[in-house]
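J.: turn this into a structure:
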Amino acid sequence: MNGKNLILLAAVLLVAAVWPRPSRADTIDLTLVQATQTVVQGTTVVGFDATVSNPTAVTEFLNSDGSTTNSALVTVDDSPFTGLSSVWPLTLAPSGQSGDSFGPALLFNLDLPANLAPGTYTGSFSILGGTDSATFDDIADVNFTVDVTSAAVTPDPATLLLLGSGLAGLGLLRNKKKAAS
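T.: Next up, the predicted model:
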């Protein structure tokens, strides 16, 4: 390759590298029924239901999934979407045809350790697929949030009885001192 061709190739590669690319839009529409959920510390499973529809003019295959969370302690269980007992379809028909949408149905569970510290835990869930069963493009993404709150401490009846009798005793003592003066 001569010098001119090498310079031309470098210029083409540079233009291709900086040329603006359209941002990826989800191919299918995936919506969580409740994207943010609040649970009490000690809750170990949080389910996320979703609906999905295909606005495109071609059949879309739902081949797999992916997920991320902001904590290694929180894990996504995708078996409601991919497991043997899954009710999720393998394909969505083109827009306007029967079978172009599905749900709401359980999409995934978030598994939490019983001793997980109160706080906000976030993540994302993706459906992978495309126009055939061998394609694993990212075709839909949803974000989710779980707010873990402290368990409310409720005193048992014996503690309330002890507190009440102590307060009554203090009241009687105060009245006795007042009567003596």
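J.: check which helix or strand covers the residue nearest the centre of the chain.
T.: Nearest to the mean C-alpha position of the chain, counting by CA atoms, centre = their mean, stands F144 at 3.0 Å. Taking DSSP states H and E as the criterion, F144 maps to strand 137-149.
J.: same check on F48?
T.: F48 belongs to strand 45-53, assigned by DSSP H and E.
J.: what angle separates that strand from strand 137-149?
T.: 140 degrees (axes from the mean of the first three to the mean of the last three CA atoms, to 10 degrees).
J.: where exactly do the strands run in the protein?
T.: In the chain, the strands defined using DSSP state E lie at 29-32, 36-40, 45-53, 60-69, 75-77, 91-92, 101-111, 119-130, 137-149.
J.: just checking, what packs against the third one?
T.: I take that to be strand 45-53. strand 29-32, strand 36-40, strand 101-111, strand 137-149 (3 or more CB pairs under 8 Å, 6 or more residues apart in numbering; DSSP states H and E). For every residue, glycine as well, the C-beta is placed using N, CA and C.
J.: quick one: that strand to chain centroid distance?
T.: 8 Å (CA atoms, centre = their mean, to the nearest Å).
J.: returning to that earlier point: just say which of the strands of the chain is most tucked in.
T.: Across the strands of the chain, averaging neighbours per residue (mean count of other CB atoms under 10 Å) puts strand 91-92 on top, at a mean of 20.
J.: which stretches of the chain have low pLDDT?
T.: By pLDDT under 70, the weakly predicted segments of the chain are 1, 3-25, 152-157, 159-161, 163-164, 166-167, 169-171, 173, 181.
J.: outline the domain layout of it.
T.: Per the record, the chain has its domains at 12-149, 154-181, by automatic domain parsing.
J.: make JSON lines out of the ones you listed and add distance to N2.
T.: Formatted as JSON lines, the domains of the chain follow (distance: least, CB to CB, whole Å):
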{"stretch": "domain 12-149", "distance to N2": "15"}
{"stretch": "domain 154-181", "distance to N2": "84"}
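J.: beta partners of the nearest residue to V76 once chain neighbours are set aside?
T.: In space, and not counting its chain neighbours, V76 is closest to S67: 3.9 Å by CB to CB, 6 or more residues apart in numbering. As for beta bridges, S67 partners with F125 under DSSP bridges.
J.: surely S67 meets S126?
T.: Yes: the pair S67 / S126 is scored as a contact, 6.9 Å apart, by CB atoms under 8 Å.
J.: just put the strands of the chain in JSON lines and tack on distance to L84.
T.: Converted to JSON lines, the strands of the chain look like this (distance: least, CB to CB, whole Å):
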{"stretch": "strand 29-32", "distance to L84": "22"}
{"stretch": "strand 36-40", "distance to L84": "26"}
{"stretch": "strand 45-53", "distance to L84": "18"}
{"stretch": "strand 60-69", "distance to L84": "15"}
{"stretch": "strand 75-77", "distance to L84": "14"}
{"stretch": "strand 91-92", "distance to L84": "18"}
{"stretch": "strand 101-111", "distance to L84": "14"}
{"stretch": "strand 119-130", "distance to L84": "18"}
{"stretch": "strand 137-149", "distance to L84": "22"}
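J.: all good on my end, thank you.
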